[in-house]
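> What follows is a predicted protein model with its sequence.
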Amino acid sequence: MIELMRVRMNRFLRRILTRPRIDLPLAAGLFLLGAVGLATLYSADGGNMSMVGGQAARFVLGGVLLLLVSRIPPATLRTWTPWLYIGSTALLVVVAVLGEGRGADRWLDLGVMRFQPSELLKLTMPMMVAWYLHARPLPPSWKDMAVVGLLIVVPAALIAKQPDLGTALLVTAAGAFALFLAGMGWWRIVALLAAVVGMIPVAWHFLHQYQRDRVLTMLNPESDPLGNGWHIIQSQIAVGSGGIFGKGFGHSSQSRLDFLPEHTTDFIFAVFSEEFGLIGVCLLLALYAFIIGRCLWIAMQARDTYSRLLAGAIGMSFFVYVFVNGGMVAGMLPVVGVPMPMISYGGTSAVSLLVGFGVLMSIHAHRKMHD
Amino acid sequence: MQQRRSIKDHRSEGALFRRRALVGFALILLGLCALVSRYVYLQVARHDEFVTRSVNNRVKPRVLPPPRGLIYDRNGVLLADNVPAFRLEVVPEQVKDMKAMLAQLGMVVPLSQDDIDSFLKQVKQSRRFDSVPLKLHLTEDEIDRFAVNRWRFPGVDVVPYLTRNYPLGSLFAHVVGYVGRIDADDMKKLDEASYKGTTHVGRIGIERSYESVLHGTPGYELDEVNANGRVQRVLETHPPSPGKNLYLSIDARIQKAAEKAFDGRPGAAVAIDPRNGQVLAMVSVPTFDPNLFVDGISAADYHALLYGPDKPLFNRAISGVYPPGSTVKPLLALGGLELGLRTPEDTVLSTGVFYIPGQKRGYRDDRRGGFGTVNMKLAIMWSVNTYFYKLALDMGIDRFSKWMGRFGFGKPTGIDLDNEAAGVLPSRAWKSKHFRQPWYPGETVIAGIGQGYWAVTPLQLAHAIATLAGHGVPYAPRLVMSEQSGENNPPVPLVNPPTGPSLVTSEANWNTVEQGMQMVVNDPRGTGYGLGKGFPYTVAGKSGTAERYSRTTDAYNTNKSTAYLASRHRAWFEMFAPAEHPRIAVAVVLESGAWGAADAGPIARKILDAWLSTQKDPPPDTPLPESRTKAPPPSTAPAPAPTGATP
């Protein structure tokens, strides 16, 4: 029995290496993005290799997971989906009850490592919505949309309560995109958006004081030049002073002189903008657009609803990262903890992103097979 | 499969998805375009502006912690000062490897484990780009050695700051207290914004109770820094508003004389101005050097102070509780008059033993055979137990504890210090709460001479005697007389209205008690005779000798050895002067004194002498009031006789 499992395991691993089921254009885009990320990190960390090394190790780990996940057929993923969703939501409840963290209770201590269950939802949420909708006639009925709405709101509320508004936003967006791709009616979308806008004053009531401060500070950064406004002012100076052509690699004075806080994590895109200018920004955004476009192309090639919705939702939620982080760095959106994908330093987000792309690779590889 | 989901139209669903994906992608491109337009706005339209700001961006804000308010005595003698010193500060963000840096730095400037621990704790709680102090009070040698090695430690710098110094050292340790380094626990309690950059916070004494007044509000300055982040120029300064200066009502000269009078014997003394509750002196012996605590006391020093034989850190004046003994007899006498239970002329026969009617147990007088027939004044003068046994019994415990409660016993006096003990005022309610037992008449009897459950702090007794001396008007004791915002402004006195109506309804009642107390020190038969000698004002007083342990037999104690008695007794003396219009009231306790008058009395007198020397116009010698007491002239009187102390 054990012998048999060992043989199958070996065959599985051999196949990953000899016949990887990956989409080459997407892999190339991710590879390029990772390289840009490491280079920017090198500069943002003041020409130091220690952070770069750590980040590269995470990319390798994420890459290995990507290859492993790409071997799992979407049909298998689909059968696991409800359990994965229930499991990850249950972990959120566990965190809410006995979680520990710095100020925000979002970590679960496993003894050997600590991880954020909310990170899992970024993948299990679109999986669940796709799973629910794939067996239903599309476009979805009112009832189906109500069920999907519930599937989204429960974990999102748990995450928002941690409080981790950034991740709650990403998780909600992933589920909402799946619903959008499933063909939710346009008038319904408009009505829903109007309802969301109408809810803003209510939501404001439930925000923490520091979150309100962040919004107010975004609107008028000079009001708090020593505290929250400092991030926004310095970030805009970095971006603006980069100009069209940028100051050149390794010449971000804002980061070098330590004016820009968090310049390796949430605000690393400001360093990139300062060094590579508007041209660099456009090229990087084009690369992101290419990756998103490729994801949607893979989604369109897929033959079953589950794969289509999942692939499309993963690709589109990638955009939310870019938009929210890019907007925050440019002083367009309030400061929320959303990293620039594959560029910001930090472990869990890079790894979970690559696992998501592993799912896409799998969908691409299995596009010829019917479910 | 196809059959099971026949209601699904795969072809149209696929087409729907393709349409949606394309629309979605178009929307995403639109979103990215919006993002790009924002970057165009910043990087093209406002490029010049931001380049200028970036070039000029050598400006970093720096918090300016407020200088702590100074503390003076009533005549402007400095008690707590700010002196310039230097410390090491670290910006965590600029340190690549904290452990290695600390190890390397430790070889240049010695770092204690305490320094490192509290530093690392604070690093965890502050933002990475905020500067955190590592080692305070650098010596010149350390500054020099670091300056040579500074290039090796980016993010570490020597920063000037103001540290606290107590010029008079131990003399005011129990009053002014001290400040200590802010630790991780403090940071949770303190307001982050107003304590940014502040390293010390008041721990005990005035430093603690007036923390909010002394602290002030921080300001900030905008510094121009060079490429290494070192300050080149200050561009803009928003100065902090310093904490207010405090003037204590204590006179350092009286304080010093009081401490000296104890000669190191454990005890406490408090002197209060009866006209307003201002504390003129407050000492607790032994004391300690508060300067040791400012930059963190070593564990060994702290252990020695904490567990030393006489507990120098213990503030006996406000936290030590002792049975008051006979010192409370004048208060009880006043109660007898005010409640209509006695007239000054009523007499009691003292036979040496007092019995509660129908009970066998006897309560003794201090003199074998008793004092004979005594009226109130004589009873105070001789400290005749029988008189007060009977008065207490007639009054009953309920009226007794209500009356004594008006003098402030059994509750904190409300002085402007923390950690004040409440003491115990015996009452039915107190006993049933603590012992779940009814009250027995015998307990009323011994309460009449300040024994039993009764326990007071020296401050409480001083407050009570000041209330008596001030013709019954109670004032909460106050250490801080006035506040001053800035050296150039006049100090603003703090108001301290009376805490209640006067306890005295008839001046005649007050005069009786006051005359009895004058006789204590001025009549040759008085227990404290001689203590008023040579003082230009008339003095009134009362001794008290309280037992530390309860008696095991009814037999008279024949051991008259002073050392033996001192091990069993606590010696009290209370005094006020000038007797008719008192301006100072003093209570002194000596933890190991054989007799109140003989041992605590001279301390109280020395405090009065010191007070007198601070008065601008010492009045001409006023004659001693022989006429009133009808006593023989005092010239041939023997030394104070320790006869009058209560058992």
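Perfect, thanks for sending it.

> any low-confidence regions in the stretch 1-150 of chain A?
Residues of the stretch 1-150 of chain A meeting the criterion pLDDT under 70: A:1, A:16-20, A:98-115.

> Chain B contacts on that one?
Remark: the part of the stretch 1-150 of chain A in contact with chain B comprises A:48, A:50, A:135-139, using C-beta under 8 Å from any C-beta of the partner chain. The way it works is simple: take the backbone N, C-alpha and C, and place the C-beta from them, glycine included.

> Looking at these, which two lie furthest apart in space?
Comparing every pair within the residues of the stretch 1-150 of chain A next to chain B by C-beta to C-beta identifies A:48 and A:137 as the most remote, at 56.1 Å.

> rewinding a little: among the residues of the stretch 1-150 of chain A next to chain B, which ones are in helices?
Residues of the residues of the stretch 1-150 of chain A next to chain B located in helices (DSSP state H): residue A:50.

> Just the buried subset of the residues of the stretch 1-150 of chain A next to chain B, written out for ChimeraX, thanks.
Typed into ChimeraX, the next command selects the buried ones out of the residues of the stretch 1-150 of chain A next to chain B (criterion: 16 or more other C-beta atoms under 10 Å in any protein chain shown):
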select /A:136,138,139
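
> Name the member of the residues of the stretch 1-150 of chain A next to chain B with the shortest distance to residue B:591.
When the residues of the stretch 1-150 of chain A next to chain B are compared for distance to residue B:591 (C-beta to C-beta), residue A:50 wins out at 63.4 Å.

> Show the contacting residues for the closest one.
Residues counted as contacts of residue A:50 (C-beta atoms under 8 Å, 6 or more residues apart in numbering or on different chains) are residue B:96.

> Among the residues of the stretch 1-150 of chain A next to chain B, which one sits closest to residue A:8?
Closest approach between the residues of the stretch 1-150 of chain A next to chain B and residue A:8, by C-beta to C-beta: residue A:135, at 30.8 Å.

> what's the distance between the closest one and residue B:399?
89 Å (C-beta to C-beta, to the nearest Å).

> got it, and residue B:494?
35 Å.

> Ok, residue A:80 next?
84 Å.

> same deal with residue B:69?
Distance from residue B:69 to residue B:399, counting by C-beta to C-beta: 46 Å.

> So which of these two has more stuff around it?
Comparing residue B:69 with residue B:399 by other C-beta atoms under 10 Å in any protein chain shown, the one with more neighbours is residue B:69, at 22 against 14.

> mind listing what the residue lying closest to the more buried one once chain neighbours are set aside touches?
Leaving out its chain neighbours, the residue that sits closest to residue B:69 by C-beta to C-beta, 6 or more residues apart in numbering or on different chains is residue B:243, at 3.4 Å. Counting by C-beta under 8 Å, 6+ apart, residue B:243 touches B:66-69, B:213-216.

> what's the closest of those to residue B:613?
residue B:69 (29.3 Å).

> and the top helix by length along chain B, is it in reach of chain A?
Assignment by DSSP H gives helix B:10-40 as the longest helix of chain B. Yes - applying C-beta under 8 Å from any C-beta, one finds helix B:10-40 touching chain A at B:13-14, B:16-18, B:20-22, B:24-25, B:28-29, B:31-32, B:35-36, B:38-40.

> Give the full set of residues in contact with the residue of the stretch 1-150 of chain B found nearest chain A.
The nearest approach of the stretch 1-150 of chain B to chain A comes at residue B:50, 2.7 Å away (C-beta to the nearest C-beta). Listed by C-beta under 8 Å, 6+ apart, the contact set of residue B:50 reads A:236-237, A:239-241, B:42.

> Name the nearest residue to it, ignoring sequence neighbours.
With C-beta to C-beta, 6+ apart as the criterion, residue B:50 has its nearest non-adjacent residue at 2.7 Å, and that residue is residue A:240.

> Any idea which residue of chain A lies closest to chain B?
For chain A, C-beta to the nearest C-beta, closest residue to chain B: residue A:240, 2.7 Å.

> Report the rounded mean pLDDT for whichever strand or helix holds that residue.
Using DSSP states H and E, residue A:240 sits in helix A:228-242. Mean pLDDT, helix A:228-242: 84.

> Same question for stretch B:326-345.
93.

> buried set for it?
Buried, per 16+ other C-beta under 10 Å, within stretch B:326-345: B:326-338, B:342, B:344.

> Mind telling me what element the residue nearest to residue A:242 when sequence neighbours are not counted is part of?
Excluding the flanking residues, the one nearest residue A:242 by C-beta to C-beta, 6+ apart is residue A:274, at 4.1 Å. Using DSSP H and E, residue A:274 sits within helix A:268-301.

> how about the following helix or strand past that helix, does it get close to chain B?
Next helix or strand after helix A:268-301 toward the C-terminus (DSSP H and E): helix A:305-329. Yes - interface with chain B: helix A:305-329 contributes A:305, A:308-309, A:312, A:316, A:319, A:322-323, A:326-327 (C-beta under 8 Å from any C-beta).

> Next, count neighbours for residue B:30.
By other C-beta under 10 Å, 10 other residues sit near residue B:30.

> same deal with residue B:314?
Residue B:314: 19 surrounding residues under other C-beta under 10 Å.

> Near the nearest residue to it once chain neighbours are set aside, how many other residues are there?
The shortest distance from residue B:314 to any non-neighbouring residue, by C-beta to C-beta, 6+ apart, is to residue B:320 (6.8 Å). Using other C-beta under 10 Å, residue B:320 has 23 neighbouring residues.

> Next up, the contacts around residue B:320.
For residue B:320, counting by C-beta under 8 Å, 6+ apart, the contacting residues are B:268, B:284, B:314, B:421, B:457-458, B:589.

> Can I get these in TSV including secondary structure?
TSV is the format used below for these (DSSP: H, G, I helix; E, B strand; the rest coil):
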residue	secondary structure
B:268	strand
B:284	strand
B:314	coil
B:421	coil
B:457	coil
B:458	helix
B:589	strand
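
> Could you identify which of those residues has the most neighbours?
Ranked by neighbour count (other C-beta under 10 Å), the contacts of residue B:320 have residue B:589 at the top, with 32 neighbours.

> Please name the residues that touch it.
Counting by C-beta under 8 Å, 6+ apart, residue B:589 touches B:267-269, B:316, B:320, B:322, B:458, B:461, B:570-572, B:600.

> in its sheet, what does the strand of greatest length in chain B sit against?
If you go by DSSP state E, chain B has its longest strand at strand B:78-90. Applying DSSP bridges, strand B:78-90 is found paired with strand B:71-72 (antiparallel), strand B:132-135 (antiparallel), strand B:156-165 (antiparallel).

> Using PDB, write down the CA coordinates of it.
Presented in PDB, the C-alpha positions along strand B:78-90 are these (Å, rounded to 0.1, in the frame of the first residue of the first chain):
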ATOM      1  CA  LEU B  78      14.100  74.300  44.400                       C
ATOM      2  CA  LEU B  79      13.000  70.800  45.300                       C
ATOM      3  CA  ALA B  80      12.800  69.200  41.800                       C
ATOM      4  CA  ASP B  81      14.900  70.500  39.000                       C
ATOM      5  CA  ASN B  82      15.500  69.600  35.300                       C
ATOM      6  CA  VAL B  83      19.100  69.200  34.400                       C
ATOM      7  CA  PRO B  84      20.500  68.700  31.000                       C
ATOM      8  CA  ALA B  85      21.900  65.200  30.200                       C
ATOM      9  CA  PHE B  86      22.600  63.000  27.200                       C
ATOM     10  CA  ARG B  87      21.100  59.700  26.100                       C
ATOM     11  CA  LEU B  88      21.400  57.200  23.300                       C
ATOM     12  CA  GLU B  89      18.500  57.000  20.900                       C
ATOM     13  CA  VAL B  90      17.800  54.500  18.200                       C
END
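
> next structured bit after that strand?
Taking DSSP H and E, what comes next after strand B:78-90 is helix B:98-108.

> Check which helices and strands that next one sits against.
Counting contacts by 3 or more C-beta pairs under 8 Å, 6 or more residues apart in numbering or on different chains; DSSP states H and E, helix B:98-108 packs against helix B:113-125, helix B:140-149.

> weakest of these by average pLDDT?
Among the helices and strands packed on helix B:98-108, helix B:113-125 has the lowest mean pLDDT, at a mean of 80.
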